[in-house]
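Chemist: A structural model of the following input is requested.
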Amino acid sequence: MAAPASPSSDDPETLKALLAEERAENKRLRQIILAMQRHRFGRCAESLPEDQLLLGLEEAEQVEAAGFAAEESEPAKKEAQRVKRRANRGALPA
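Modeler: Numbering: from 1, shown residues only. Okay, here's the model as predicted:
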């Protein structure tokens, strides 16, 4: 970045040219700042890499598989609970 030039003359044309140059530099720097902010805080900055996404899906698949395995071993247990609930506990007192 160049140091700001100090106007040594009072010539309006020179001063206008310096002002235009400074404004162009200011605009360029603002565009760079906006691009950096979009890169840092934009929507794409918060997306997960594909490897990380696959790890999350793999974990979900493992949990789902464990749930299916538990359901397959539970029918006998559920049948026993159903029979126990329906067992006659005796007549109610009068």
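
Chemist: after the longest helix along the chain, next one along is what?
Modeler: The residue-count maximum for a helix in the chain (DSSP state H) belongs to helix 12-41. Tracing the chain past helix 12-41, the next element assigned as helix or strand by DSSP states H and E is helix 50-73.

Chemist: For that following helix, the averaged confidence score.
Modeler: Averaging pLDDT along helix 50-73 gives 76.

Chemist: what angle separates the helix or strand just after that helix from helix 50-73?
Modeler: Note on helix 50-73: by DSSP H and E, the next helix or strand toward the C-terminus is helix 75-86. Interaxial angle of helix 75-86 relative to helix 50-73 (axes from the mean of the first three to the mean of the last three CA atoms, to 10 degrees): 50 degrees.

Chemist: Centre of the chain to helix 75-86, how far?
Modeler: 45 Å (CA atoms, centre = their mean, to the nearest Å).

Chemist: What residues sit buried inside that helix?
Modeler: By 16 or more other CB atoms under 10 Å, helix 75-86 has no buried positions at all. For glycine as for every other residue, the C-beta is placed from the backbone atoms N, C-alpha and C.

Chemist: so how far is the longest helix of the chain off the chain centroid?
Modeler: For helix 12-41, the distance to the chain centre is 32 Å (CA atoms, centre = their mean).

Chemist: Any buried residues in that helix, and which?
Modeler: Under 16+ other CB under 10 Å, helix 12-41 has no buried positions.
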